[in-house]
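**Q** A structural model of the following input is requested.
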Amino acid sequence: MSSACSGKEVCRLLERNGWELRRIKGSHHIYSKSGERYIITVPVHGNKSLKQGLCRAILRMAGLER
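**A** Numbers count the residues shown, from 1 in each chain. Here you go, the predicted structure:
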């Protein structure tokens, strides 16, 4: 995934890798996965890009960073 990724793209990637959308609070989509001890919160503001560090941190938490 490129350095400029939108919240929608991150959500699709999480869902393809077994993460389930548990709830939406405002513009934040909250995901969890069976067997994981934590939740992942993804800010979704239309197609607006997430900052590179936030995108990388979310992917690292999900175990998807190379």
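**Q** quick one: low-confidence ranges for this structure?
**A** The chain contains residues with pLDDT under 70 at 1-3, 66.
**Q** which stretches of it form helices?
**A** Along the chain, counting by DSSP state H, helices occupy 7-16, 52-61.
**Q** any chance of the ones you listed in a markdown table, plus distance to V44?
**A** Where C-beta positions appear, they are placed from N, C-alpha and C, glycine not excepted. Converted to a markdown table, the helices of the chain look like this (distance: least, CB to CB, whole Å):
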| stretch | distance to V44 |
| --- | --- |
| helix 7-16 | 4 |
| helix 52-61 | 12 |
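**Q** quick one: closest of these to I30.
**A** Comparison of the helices of the chain against I30 by CB to CB identifies helix 7-16 as nearest, at 10.6 Å.
**Q** just the CA trace of that closest one, in CSV.
**A** Presented in CSV, the C-alpha positions along helix 7-16 are these (Å, rounded to 0.1, in the frame of the first residue of the first chain):
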residue,chain,number,x,y,z
GLY,A,7,-9.4,5.4,5.8
LYS,A,8,-11.8,3.6,3.4
GLU,A,9,-8.8,1.7,1.9
VAL,A,10,-7.5,0.7,5.3
CYS,A,11,-11.0,-0.5,6.3
ARG,A,12,-11.2,-2.7,3.2
LEU,A,13,-7.7,-4.1,3.8
LEU,A,14,-8.6,-4.9,7.4
GLU,A,15,-11.8,-6.6,6.4
ARG,A,16,-10.0,-8.7,3.8
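**Q** show me what that helix is packed up against.
**A** Judged by 3 or more CB pairs under 8 Å, 6 or more residues apart in numbering; DSSP states H and E, helix 7-16 is in contact with strand 28-32, strand 40-43, helix 52-61.
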